[in-house]
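>>> Next input, structure requested:
(2 chains)
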There are 2 protein chains.
Amino acid sequence: MQSLNLDLGERSYSIHIGQNLLNNPNLILPQLSGKQVLIVSNITVAPLYLEQLMTSLSQAKPDLVIKTCLLPDGEAYKNLEHLQLIWDTLLSAGFNRNATLIALGGGVVGDMTGFAAACYQRGVNFIQIPTTLLSQVDSSVGGKTGVNHPLGKNMLGAFWQPRLVLADTQVLNTLPKKELAAGMAEVIKYGLLGDLNFLGWLEANMLGLMAGDSLLLSEAIARSCQCKADIVAEDERESGKRALLNFGHTFGHAIETEMGYGQWLHGEAVACGMWLAADLSRRLGWLSSADLERVEKLLLAAQLPIIPPQTMTPATFLKHMAVDKKNLDGKLRLILLKQLGAAEVVDFDNLPLLQECLAEALKKTL
Amino acid sequence: MQSLNLDLGERSYSIHIGQNLLNNPNLILPQLSGKQVLIVSNITVAPLYLEQLMTSLSQAKPDLVIKTCLLPDGEAYKNLEHLQLIWDTLLSAGFNRNATLIALGGGVVGDMTGFAAACYQRGVNFIQIPTTLLSQVDSSVGGKTGVNHPLGKNMLGAFWQPRLVLADTQVLNTLPKKELAAGMAEVIKYGLLGDLNFLGWLEANMLGLMAGDSLLLSEAIARSCQCKADIVAEDERESGKRALLNFGHTFGHAIETEMGYGQWLHGEAVACGMWLAADLSRRLGWLSSADLERVEKLLLAAQLPIIPPQTMTPATFLKHMAVDKKNLDGKLRLILLKQLGAAEVVDFDNLPLLQECLAEALKKTL
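Predicted coordinates:
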C-alpha cells in the first residue's frame, strides 16, 4: 500500500493506494466522527462492492448505524434532484452532525456525496472510496464537490475535503475498458501539464496500463495523485496555479454540455480537449508538429478519442466555452502548452485562430 | 456610523451600523470582486429599497451589470426550490466566479443568498444588507447560511462569510412592530446568555427601543453584534462556545417545525424558547423565581410571547427536539442559564423535569 498525505492544515487527509483496501476497516474506523454512517453508491457499483464494505465495517464495529443511499448510474443524474435523495435519506434516518458519509463509486458519486456532506447541517465528514480510475486520480484529490445545472457543468458545489481516500486497485478489474481509458486521459493530463518524465513513463507503459497491470496502475495513480496534490496544496481554492489542472477541460466541457451529459465520458471529452489545446499551442508556435504527434499517439494508445463530435461546429464550441466558469469577466481563459510537460494559463483573444483550430479538428480523420 | 471588524483571517469583514447606509455606494464598491452584481430581495422589501440601491450603485459605477432576483416573502419559501431561482438567474445572466451577490432583505433573504453564493461555482462573494432588526443582530454575523428541509429547519447550508454587512437603522422605520419585537428577542438573548450589564440596559430602555428610537436601536444592534462577534471569532465552526448562541433555539425550532415555518416568527418562537429554558433553569435551582420574573417582564415589555402554542403537547416538543441538529448522537443538549447573564451547554437527561416544565408552560395564562 502506498500512502500520500495531503497537507491542508486542519483539513489534511491521507490517500491510501493498493489492493483490497475495501476490506480493511482499520483504515476507515479511526476517521468516523460518530456511529452514524451513510454509504452512498450507485446501482452499478453497489451489487459489486457494497455488501463487503458494510460487512467489514459492521463486523469490526457492531454498534455502527449504517444506512445506504443508491443513486442511478451516470453523469445525467448528477443534479440537484438526485442530491436531495441523499439529504432525504440522512434526515429520515435522523442523522446528526457527527454522521459520516462514505462515497463508494466513481466521480459522480464522489462529487455528489461530497457536496451533500458539505451542505448537510452546514458540513459533516465524508470518506471517498473511488471505484474508477478517473475518480481515483482526479476527483478524490482537491476537495472539489458539486452537481451540474442544465446551464452548465459543476456550476453548483463546494470545496469540501474528505477525511480519507481509499483508492483500491482491485476494483479496477471490474471497470469497463472504456472507463479505464477515460481515467487514463486524466493520468496523461498530469504528464502533459507538468511532468515530462512521467509523460515518457506513460509512453513506455501505456500498453501494460491498458491491459490492467496492477502494479503499473498503482504507480500511475500514485504519481497522478501526487502531481495533483502538489498543485492543490499550493492553491486550495483555485485562484492561481490550480487552474492548470483544467488543461483540456474548457474544450471538454463544451463537448459534454453540447452533447448532453453522459453521451461522452468526461475523460473522453477531456482527451479530445487536450488534443485541441495541444493543436492550438502548435498553431501558436509553442509545440512542434512532432510534439503534437506524441500527444496524439499517446491518447490513441490509451484508446481515447481526439476528434470532436461531428455534430458540433466551432460556433457551438464557442457558445459553451464562453460560460465556462474558468473565464473571468468575459475573457476567454485557456490552458495551453508552452512545451510538453509545461502548461500555462493564457488570456486568449485570437478568436480566428481558435475557430480555425476547431474547424480543422472537426474535419480531421484518423 | 459605528463599525465592527470581524477578525476571521482572510475571511474578515466589517459591519457598519447607522442611518442611510443604503445610499452610500462607497461602502459597497470596494467589496465587489468584478462588475457582475446580483441583488436578491423579496417582494415586500424590493418596492421599498431596491430602486434606491440600484440607482446609487449604477450612478457611482455605470459599467456594473446589475441583475435582480425577487423571492416570495417568508420562511415558508426558504427551501431548495426557491434557492434554485437564484442559481437560475445567475446562470441565465452568464455570471462568473467574480460575481457578487447582495442580499437585501431579512434573515430568509440573507440565509438563502449566502447559501446560493457559497455554492455558486463553489463560492462567490456576497454582501449583506439586512432590513430587519432580527437579521441585523443575528443572521448577518457568523457566516451561517442555509435553507430548510421538510424534515428540519436549516438542515442544508454552509458556513460562508459575507464581504461586508450594512445594518441601516433607517430601514427599521418601515418594519412592522411584530417584526421589531421578533428581532428584539435576539437582542434580549445576548443580554441573558452573556452580559448582565446589557440586560440591565435593555430593561431600562425597552420602551424607547420598541418606540423605534434610532439611537437606542443603533446601540442595541452594535452591542448585540459585538457580543455575537466575540463568540463567533472564538469558535467559527460551532464546535464549542458558539452553541450558546442557540439559547432558546432548541425549544424555538420545535415550535416552528410543529406549527409550520412562518406561523410563528422565528424571534417569537425563540422568545418562548428562552422563557422555557429560563423556567427549566429555575426548576434546576439555577435561577430564582425573581430571576425568571425579570426574564418574563422583559420579554413582555418587548411584546413577545412566552406561552407555547396551545396546539402543542410535551410530546410534540420532544419529537422535534430530538432531531435538532445541536443534539449529538441522540443526547439532548440544551442551553440553560446558570444565572442571569451566564448560559451553559448542558447534556440534559432529566426527561420528567422537562416534560413537567413543558406541560405547565402549556397551561400557563398571563
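>>> tell me how far the longest helix along chain A is from the chain's mean position?
Taking DSSP state H as the assignment, the helix of chain A that covers the most residues is helix A:214-234. Centroid separation for helix A:214-234 versus its chain: 12 Å, with Cα atoms, centre = their mean, to the nearest Å.
>>> next SSE after that helix?
The helix or strand immediately downstream of helix A:214-234 is helix A:249-259, counting by DSSP states H and E.
>>> so what secondary structure elements neighbour that next one?
Helices and strands touching helix A:249-259, by 3 or more Cβ pairs under 8 Å, 6 or more residues apart in numbering or on different chains; DSSP states H and E, are strand A:152-159, helix A:266-283, helix A:314-322, strand A:332-339. Glycine gets a C-beta too; all of them are placed from N, C-alpha and C.
>>> Over the longest helix of chain A, what's the mean pLDDT, rounded is fine.
The average of the pLDDT scores along helix A:214-234 is 90.
>>> Which one, of the helices and strands packed on helix A:249-259, ends up nearest to A:Gln355?
Among these, the nearest to A:Gln355 by Cβ to Cβ is helix A:314-322 (4.6 Å).
>>> Show me what that closest one is packed against.
Here helix A:314-322 touches helix A:249-259, helix A:351-363, going by 3+ Cβ pairs under 8 Å, 6+ apart.
>>> What about A:Thr244, how many residues nearby?
Wrong residue type there; residue A:244 is Leu, not Thr. A:Leu244 is flanked by 18 other residues according to other Cβ atoms under 10 Å in any protein chain shown.
>>> List the residues that contact it.
Listed by Cβ atoms under 8 Å, 6 or more residues apart in numbering or on different chains, the contact partners of A:Leu244 are A:Leu193, A:Gly194, A:Ile231, A:Ile335, A:Ala343, A:Glu344, A:Val345.
>>> Show me these that map onto strands.
Here DSSP state E is the test, and these give A:Ile335, A:Ala343, A:Glu344, A:Val345 as lying in strands.
>>> ok, so of these, who is nearest B:Ile39?
Minimum distance to B:Ile39 across the ones in strands among the contacts of A:Leu244 is 31.2 Å, recorded for A:Val345 (Cβ to Cβ).
>>> Scan the ones in strands among the contacts of A:Leu244 and report the most crowded one.
In terms of neighbour count, A:Ile335 stands highest of the ones in strands among the contacts of A:Leu244 at 26 neighbours, by other Cβ under 10 Å.
>>> Which strand residues bridge that one?
Note on A:Ile335: beta-bridge partners A:Val345, judged by DSSP bridges.
>>> Of the helices and strands packed on helix A:314-322, give the one that comes closest to B:Ala185.
Of all the helices and strands packed on helix A:314-322, helix A:249-259 sits nearest to B:Ala185, with 47.8 Å by Cβ to Cβ.
>>> Skipping adjacent residues, who's closest to the closest residue to chain B within the stretch 151-300 of chain A in space?
Chain B sits closest to A:Leu151 of the stretch 151-300 of chain A, with a gap of 3.9 Å, by Cβ to the nearest Cβ. Nearest residue to A:Leu151 in three dimensions, chain neighbours excluded: B:Leu91, at 3.9 Å (Cβ to Cβ, 6 or more residues apart in numbering or on different chains).
>>> do A:Leu57 as well
Leaving aside its sequence neighbours, A:Leu57 sits nearest to A:Pro25 (Cβ to Cβ, 6+ apart; 5.3 Å).
>>> ok now do that neighbour, which residues does it touch?
A:Ser56, A:Leu57, A:Gln59, A:Ala60, A:Lys61.
>>> Please indicate which of those residues are buried?
Taking 16 or more other Cβ atoms under 10 Å in any protein chain shown as the criterion, what is buried in the contacts of A:Pro25 is A:Ser56, A:Leu57.
>>> which one of the contacts of A:Pro25 is nearest A:Met206?
Here the nearest of the contacts of A:Pro25 to A:Met206, counting by Cβ to Cβ, is A:Ser56; it sits at 34.1 Å.
>>> Distance of that closest one relative to A:Leu22?
Distance, A:Ser56 to A:Leu22, using Cβ to Cβ, to the nearest Å: 7 Å.
>>> how about the residues of the stretch 51-200 of chain A that lie near chain B?
Applying Cβ under 8 Å from any Cβ of the partner chain, we find that the stretch 51-200 of chain A lies next to chain B at A:80, A:84, A:87-88, A:91-92, A:94, A:96-98, A:115, A:118-123, A:144-146, A:149, A:151-152, A:154-159.
>>> ok, the residue of the stretch 151-300 of chain A closest to chain B touching B:Ser92?
Yes. Between A:Leu151 and B:Ser92 there is a contact under Cβ atoms under 8 Å: 6.8 Å.
>>> Contact partners for the closest residue to A:Thr257 other than its chain neighbours?
Using Cβ to Cβ, 6+ apart and skipping residues adjacent in sequence, the residue nearest A:Thr257 is A:His320, 4.6 Å away. By Cβ under 8 Å, 6+ apart, the contact set of A:His320 is A:His253, A:Ala254, A:Thr257, A:Glu258.
>>> same thing but 10 Å
When contacts are counted by Cβ atoms under 10 Å, 6 or more residues apart in numbering or on different chains, A:His320 is found next to A:Gly152, A:Lys153, A:Thr250, A:Phe251, A:His253, A:Ala254, A:Ile255, A:Glu256, A:Thr257, A:Glu258, A:Met312.
>>> Top of those residues by number of neighbours, please.
A:Phe251 (29 neighbours).
>>> show me what contacts the closest residue to that residue other than its chain neighbours?
Distances taken as Cβ to Cβ, 6+ apart put A:Gly273 closest to A:Phe251, at 3.4 Å, once the chain neighbours are dropped. Contact partners of A:Gly273, counting by Cβ under 10 Å, 6+ apart, are A:185, A:189, A:246-256, A:306, A:308, A:335.
>>> if we go to 7 Å?
Neighbour list for A:Gly273: A:Gly248, A:His249, A:Thr250, A:Phe251, A:Gly252, A:Ile255 [criterion: Cβ atoms under 7 Å, 6 or more residues apart in numbering or on different chains].
>>> Repeat that for A:Cys69.
A:Cys69 sits next to A:Leu38, A:Val40, A:Leu85, A:Ile86, A:Thr89 when contact means Cβ under 7 Å, 6+ apart.
>>> Tell me how many other residues crowd the residue in the stretch 1-150 of chain A positioned nearest to chain B.
Closest residue of the stretch 1-150 of chain A to chain B, Cβ to the nearest Cβ: A:Leu91 (3.9 Å). Using other Cβ under 10 Å as the criterion, A:Leu91 is surrounded by 18 other residues.
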